[in-house]
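Colleague: task: produce atomic coordinates for the following.
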Amino acid sequence: MAKAIMVQGTMSNAGKSLLAAGLCRIFRQDGYKVAPFKSQNMALNSFITREGLEMGRAQVMQAEAAGIAPSVLMNPILLKPTNDVGSQVIVNGEVLGTMSARDYFRYKKKLIPDIMKAFSRLSEEYDIIVLEGAGSPAEINLKSDDIVNMGMAKLAKAPVLLVGDIDRGGVFAQLIGTVDLLEEDERAMVKGLIINKFRGDKSILDPGVKMLEERSGIPVVGVAPYLSIQVEDEDSLTERFDRKTEAALLDIAVVRLPRISNFTDFNPLESISGVSLRYVKHVGELGNPDLIILPGTKNTMEDLAWLRSSGLEAAILKEASRGKLIFGICGGYQMLGESLSDPFGVEAGGSMKGMGLLPMDTVFTERKTRTRVEGAFLAPEGVYGPLAGGALEGYEIHMGESTVKEGVRPLTRIADSVSGLEKEEGAVFENVCGTYVHGVFDREESVKALLKVLGQKKGIDVEEMSGVDFAAFKETQYDILASELRKHLDMKKIYEILEAGI
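Modeller: The predicted structure is shown next:
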């Protein structure tokens, strides 16, 4: 059976996911078969495996760092918030249903057998399991039925590394306060403290580190620096959204919808010299981009209502009427149509008018489409012509079915890797297009094709601009992450903690 070690945090976004990924990479480099695990994840960023099953994006990133294929065994429970008090509950990659927070809180302990079955199967196949917690283990209202922090550590018999975020301030209070709020048996499971996201001279921290160790009786096993590693973020706390980017030669604006999902679709576009990618949520931020992207969303109809009330819909319609290029993905694609209908109450129920930029109607169905695809862009007429032939791969994950009308051309031809069926997909109409395919820009060929479209529209030469092999780029990022963590974590002590267990 595998050895286990768990990374927990003093709060959300303390850096647990990235540190867990770094440990996965280090253990892999040291010759071990390693896998990540998070019993319960809450995120709108999800991924579809080769089997057509849905899992959290953070464990996909960690699996990449470990050099293995993502599996739903690494994330048996995924919660996708549908509103402020409820979530779609996904178990072993398939939708169980939608529950209120209160109903799920009462129900979740029934999922422990599913959690342990997944964990046990990984333990049989790998040498080391790196577990990740969620939020904080000291949330008083959640501790009694915990299945993701100390509750999971006990089930997995995993020693815990507790991570605090110094970048947001109060890291000593974070760590000491969290330890003090734990039960005695839980406190005994915390074998190491990590101060994360530090900038500056570490020697200045030495008195604080000494105090932490004296007050807690737990060794500080590292002060990790603030790292600008470009890997795929898990949730909407990502700093990408707050980045202030000046418009470059080619400027792309992504609308930051309230329930934006799968924004990792746009990561490959951020690494191109001469291209700026900005997230905008106010009309005043829109500026004069060369391309406006409407991204995926967990709730298309409610986010379209927000787009309408915020004034952004009117601004986008004005830009579209002037010939500006508009691109929609998944929920954003659905918004571009003429109507949206929800007869089964999948979202808010009822129907509403779409943006009217694509002659297309969408009906939300009770069946969720989950599949991986690969194929190529077709040869759309007009401004999107340079897309023709560009290879693409990705995945579909949506509840709606869209029907296009006369005059609309398909955008892609793709093969479903789960069923093996081929189909034409997406829509192009004048300067507006859309697709259900997430990850549509992950391939270098598809990025180059998009650059050609933008360059031709703007009348500039983009031959010197090119995308990167995003898979290869991520590999270099994981190696950098591992190298930096080796410098700043006491890996000898961490291996001792791993070997000793609890």
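Colleague: how far away is the closest residue to Glu422 other than its chain neighbours from Gly375?
Modeller: In space, and not counting its chain neighbours, Glu422 is closest to Ala415: 4.8 Å by C-beta to C-beta, 6 or more residues apart in numbering. For the C-beta atoms, the positions are set from N, CA and C on the backbone; glycine is no exception. Distance, Ala415 to Gly375, using C-beta to C-beta, to the nearest Å: 6 Å.
Colleague: same check, this time on Pro70
Modeller: Here the criterion is C-beta to C-beta. By it, Pro70 lies 21 Å from Gly375.
Colleague: same thing with Val72?
Modeller: Counting by C-beta to C-beta, the gap from Val72 to Gly375 is 24 Å.
Colleague: neighbour count winner among these two?
Modeller: Val72 (23 against 19; other C-beta atoms under 10 Å).
Colleague: tell me how far Phe241 lies from Pro258.
Modeller: Distance from Phe241 to Pro258, by C-beta to C-beta: 12 Å.
Colleague: okay, now the spatially closest residue to His282 that is not a sequence neighbour: neighbour count?
Modeller: What sits nearest to His282 in space, not counting adjacent residues and going by C-beta to C-beta, 6+ apart, is Ser310, at 7.2 Å. Look at Ser310: counted by other C-beta under 10 Å, it has 16 neighbours.
Colleague: OK, contacts around Ser310?
Modeller: Shown in contact with Ser310 (C-beta atoms under 8 Å, 6 or more residues apart in numbering): 281-283.
Colleague: identify those among these that sit within helices.
Modeller: Secondary-structure check on those using DSSP state H: residues within helices are Val283.
Colleague: and the contacts of Ser310, which are buried?
Modeller: Burial of the contacts of Ser310 was assessed by neighbour count (16 or more other C-beta atoms under 10 Å); the buried members are Lys281.
Colleague: adding distance to Asn45 and pLDDT, write the contacts of Ser310 out as CSV.
Modeller: As requested, these are exported to CSV (distance: C-beta to C-beta, whole Å; pLDDT from 0 to 100):
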residue, distance to Asn45, pLDDT
Lys281, 18, 94
His282, 23, 94
Val283, 26, 96
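Colleague: redo the contacts of Ser310 as a markdown table? Include distance to Lys157.
Modeller: Below are the contacts of Ser310 laid out as a markdown table (distance: C-beta to C-beta, whole Å):
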| residue | distance to Lys157 |
| --- | --- |
| Lys281 | 44 |
| His282 | 49 |
| Val283 | 54 |
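Colleague: doesn't Gln59 fall inside a helix?
Modeller: Yes: Gln59: assigned to a helix according to DSSP: H, G, I helix; E, B strand; the rest coil.
Colleague: ok so, going back, who touches both of Ala415 and Gly375?
Modeller: When contacts are counted by C-beta under 8 Å, 6+ apart, the set common to Ala415 and Gly375 consists of Glu422.
Colleague: how about Glu232, secondary structure?
Modeller: Under the three-state scheme (three-state DSSP), the conformation of Glu232 reads as coil.
Colleague: verify the stated contact: it with Thr264.
Modeller: Yes: with contact taken as C-beta atoms under 8 Å, Glu232 and Thr264 are classed as touching, separated by 4.3 Å.
Colleague: shared neighbours, those two?
Modeller: Both Glu232 and Thr264 are contacted by 45, 57, under the criterion C-beta under 8 Å, 6+ apart.
Colleague: Phe473: how many residues sit nearby?
Modeller: Taking other C-beta under 10 Å as the criterion, the count of residues near Phe473 is 16.
Colleague: helix, strand, or coil at it?
Modeller: Applying three-state DSSP to Phe473 yields a three-state assignment of helix.
Colleague: give me the domain ranges for the chain.
Modeller: Domain assignment for the chain, taken from automatic domain parsing, gives 3-231+475-500, 250-464.
Colleague: in stretch 23-42, which residues are buried?
Modeller: Neighbour-count burial for stretch 23-42 flags 23-28, 32, 34-42 (criterion: 16+ other C-beta under 10 Å).
Colleague: same thing with stretch 44-58?
Modeller: Residues of stretch 44-58 classed as buried under the neighbour-count rule (16+ other C-beta under 10 Å) are 44-49, 52-58.
Colleague: where do the strands sit along the stretch 201-350 of the chain?
Modeller: Along the stretch 201-350 of the chain, counting by DSSP state E, counting those that start in this stretch, strands occupy 220-225, 250-255, 260-261, 275-280, 291-294, 296-297, 325-329, 339-342, 350-353.
Colleague: what about the first one, average pLDDT?
Modeller: So that's strand 220-225. Rounded to a whole number, the mean pLDDT of strand 220-225 is 96.
Colleague: where's that strand relative to the chain centroid, distance-wise?
Modeller: A distance of 25 Å separates the centroid of the chain from that of strand 220-225, by C-alpha atoms, centre = their mean, to the nearest Å.
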